[in-house]
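Peer 1: With the input below, show me the fold.
(4 chains)
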Protein chains: 2
Amino acid sequence: MSSVTGPRRGRPGHDQSAVLAVAIQLFNRQGYDRTSMGDLARELGLTKSAIYHHVESKEALLSLAVDEALDALESALDAVGGATPYEQLRAAVHASVVVLVEHLPAVTLLLRVHGNTPVEQEALRRRRAIDARLADLVRAAVTTGALRADLDPQLISRLLFGLVNSLVEWVRPEDGTGHDADRLAAAITTLAFDGLEA
Amino acid sequence: MSSVTGPRRGRPGHDQSAVLAVAIQLFNRQGYDRTSMGDLARELGLTKSAIYHHVESKEALLSLAVDEALDALESALDAVGGATPYEQLRAAVHASVVVLVEHLPAVTLLLRVHGNTPVEQEALRRRRAIDARLADLVRAAVTTGALRADLDPQLISRLLFGLVNSLVEWVRPEDGTGHDADRLAAAITTLAFDGLEA
DNA sequence: GTCTATAGACCGATAGAC
DNA sequence: GTCTATCGGTCTATAGAC
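Peer 2: Numbers count the residues shown, from 1 in each chain, chains lettered A, B, ... in the order given. Below you'll find the model as predicted:
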């Protein structure tokens, strides 16, 4: 299968992608602030100093991680098609769930970012831009009459993608079949658009 | 009106409730781990040492905060009534939203706890117990035929309360009328049980 | 590419005066 | 109830050898 972990040329030892993957895992398990470069070194079987050969700083690791999540979410939205705003919205919800499951560690970390450092502020700015695109889709779908008009479109948008994002609290990695994400996305669109009642 | 902030006898200066309220606010703004006792002291206009006259430790502040949220959620669930499981579930959703809005800072902090300290582990244990009670309600409502049976009851439960909990990401304090929480709770139950479609 | 050693800053918490 | 001063520990990051 194709290498998802980026360039690795001949030499033994670790590369940036391997360090990043372990870092994201650790940040999600312990929290970013509570995870020291010493913790990361121990998990990698390295010393702290060796890590700094691969990444510039601890904050750079966070930046690389949230960029992975944001790039994936933006690309997925760019690829959304559909004849009507309603169909585009359903496709956007579906695509968001799939990205969330496929990039679960990075997206989980992204959704836990609430801080005030420049890296986190920039991540929040990009997240708000994505939210705005989705809110536009909801507004358009309400305007065409496909969605109920007795709820504020911005409220609908926030609830809809709050529902999607809440998946990171309990979804665990796929078992490899590759069908979990699609089935989960289908269940969520069913609940959101058709409701819970029998 | 009644004092929500606990005992404050004659003396000038701060009390534990005042320190806790500012601490929760700061923990939510900066993150628990990134907020130092020095930060909290500056926000209070005190020195670090003075804080330790009111609370035993930084972790004790976290413990007090999550206990406020958990106590409120448990009490709200205890008070839920209704003739059928379906009606009890709708009441539980409504009550959860109201508690979340009324205790927004404490509940926000609770939902951001994912660490491994004893205080956090205990908070997660109580949260899971609450989740289990709600999952039981969902299962019962599915059994009576009130809720659709083509979705796994545990999935329904997770999505339903993921939806409710996602409110902490954007809800801001009430303007004092006291009606916001009820109207918000009504909108959420509408979306969850009736769906988005027109 | 990894190591040992350490600089320099900040942390949580305490002692003891007022 | 608040202060000044400080202890012992941990943190990110760097210097320089191999």
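
Peer 1: if you look at stretch A:165-177, does any of it touch chain B?
Peer 2: Yes. Judged by Cβ under 8 Å from any Cβ of the partner chain, stretch A:165-177 comes into contact with chain B through A:165, A:166, A:167, A:169, A:170. (C-beta placed from N, C-alpha, C; glycine too.)

Peer 1: got the buried residues for the one helix or strand residue A:98 maps to?
Peer 2: Assigned by DSSP states H and E, residue A:98 belongs to helix A:85-102. With burial defined by 16 or more other Cβ atoms under 10 Å in any protein chain shown, the residues of helix A:85-102 counted as buried are A:85-86, A:88-101.

Peer 1: Outside of the helix or strand just after it itself, list whatever touches it.
Peer 2: The helix or strand immediately downstream of helix A:85-102 is helix A:104-111, counting by DSSP H and E. Helix A:104-111 has contacts (Cβ atoms under 8 Å, 6 or more residues apart in numbering or on different chains) with A:21, A:24-25, A:27-28, A:32, A:62, A:65-66, A:68-70, A:72-73, A:99-100, A:123, A:127, A:165, A:168, A:171, A:173.

Peer 1: picking up where we left off before, anything in the helix holding residue A:98 near chain B?
Peer 2: No. Applying Cβ under 8 Å from any Cβ, one finds helix A:85-102 separated from chain B by no less than 8.7 Å.

Peer 1: which residues sit against that helix?
Peer 2: Against helix A:85-102 from outside (Cβ under 8 Å, 6+ apart): A:72-73, A:76-77, A:79-82, A:107, A:134, A:137-138, A:140-141, A:143-144, A:146-147, A:160-161, A:164-165, A:167-168, A:171, A:174, A:180-182, A:184-186, A:188-189, A:192-193.

Peer 1: Could I get the full set of helices for chain A?
Peer 2: A:16-30, A:37-44, A:48-51, A:58-78, A:85-102, A:104-111, A:118-143, A:153-165, A:180-194 (DSSP state H).

Peer 1: So which of the ones you listed is nearest residue B:41?
Peer 2: helix A:118-143 (23.8 Å; Cβ to Cβ).

Peer 1: and the angle for the closest one with helix A:104-111?
Peer 2: 90 degrees (axes from the mean of the first three to the mean of the last three Cα atoms, to 10 degrees).

Peer 1: Which positions in helix A:118-143 come out as buried?
Peer 2: For helix A:118-143, burial by neighbour count (16+ other Cβ under 10 Å) applies to A:119-120, A:123-124, A:126-127, A:130, A:134-135, A:137-142.

Peer 1: and if you look at stretch A:15-24?
Peer 2: Using 16+ other Cβ under 10 Å as the test for burial, stretch A:15-24 gives A:16, A:17, A:19, A:20, A:22, A:23, A:24.

Peer 1: wait, which of those residues is closest to residue B:39?
Peer 2: residue A:23 (25.7 Å).

Peer 1: wait, that closest one sits on residue A:61?
Peer 2: Yes. Between residue A:23 and residue A:61 a contact is recorded at 4.6 Å, counting by Cβ atoms under 8 Å.

Peer 1: if I look at residue A:70, how far off is chain B?
Peer 2: Shown here: residue A:70 relative to chain B, a distance of 17 Å by Cβ to the nearest Cβ, to the nearest Å.

Peer 1: residue contacts, that residue?
Peer 2: By Cβ under 8 Å, 6+ apart, the contact list for residue A:70 reads A:110, A:123, A:126, A:127, A:130.

Peer 1: and DNA strand C, which of those residues reach it?
Peer 2: Checked against DNA strand C using Cβ under 7 Å from any atom of the strand, the contacts of residue A:70 give no members in range.

Peer 1: can I get those residues in a markdown table with pLDDT?
Peer 2: Formatted as a markdown table, the contacts of residue A:70 follow (pLDDT from 0 to 100):
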| residue | pLDDT |
| --- | --- |
| A:110 | 98 |
| A:123 | 98 |
| A:126 | 98 |
| A:127 | 98 |
| A:130 | 98 |
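
Peer 1: Counting neighbours, what do you get for residue A:184?
Peer 2: 20 (other Cβ atoms under 10 Å in any protein chain shown).

Peer 1: cool, and residue A:157?
Peer 2: 22.

Peer 1: Can you verify my assumption that it contacts residue A:138?
Peer 2: Yes. Residue A:157 is in contact with residue A:138 according to Cβ under 8 Å; the separation is 4.3 Å.

Peer 1: Relative to DNA strand C, which residue of chain A is the closest?
Peer 2: DNA strand C sits closest to residue A:13 of chain A, with a gap of 2.5 Å, by Cβ to the nearest atom of the strand.

Peer 1: Which pLDDT does the model give that residue?
Peer 2: At residue A:13, the model reports a pLDDT of 75.

Peer 1: roughly how far apart are it and residue A:46?
Peer 2: Applying Cβ to Cβ, to the nearest Å, the value for residue A:13 to residue A:46 is 8 Å.

Peer 1: what about these two, which has more around it?
Peer 2: residue A:46 (17 against 10).

Peer 1: Tell me who's in contact with the closest residue to that one other than its chain neighbours.
Peer 2: Distance criterion Cβ to Cβ, 6 or more residues apart in numbering or on different chains; nearest residue to residue A:46, sequence neighbours excluded, is residue A:14 at 7.0 Å. If you count contacts by Cβ under 8 Å, 6+ apart, residue A:14 has them with A:44, A:46, A:50, A:54.

Peer 1: Equivalent analysis for residue A:148, please.
Peer 2: Contacts of residue A:148 by Cβ under 8 Å, 6+ apart are A:142, B:196, B:197, B:198.

Peer 1: Mark which of those residues are buried, thanks.
Peer 2: The neighbour-count criterion (16+ other Cβ under 10 Å) marks A:142, B:196 among those as buried.

Peer 1: which among the contacts of residue A:148 gets closest to DNA strand D?
Peer 2: Set against DNA strand D, the nearest of these by Cβ to the nearest atom of the strand is residue B:196 (43.3 Å).

Peer 1: phi, psi of the closest one?
Peer 2: Note on residue B:196: its backbone torsions stand at phi -90, psi -20 [degrees, to the nearest 10].
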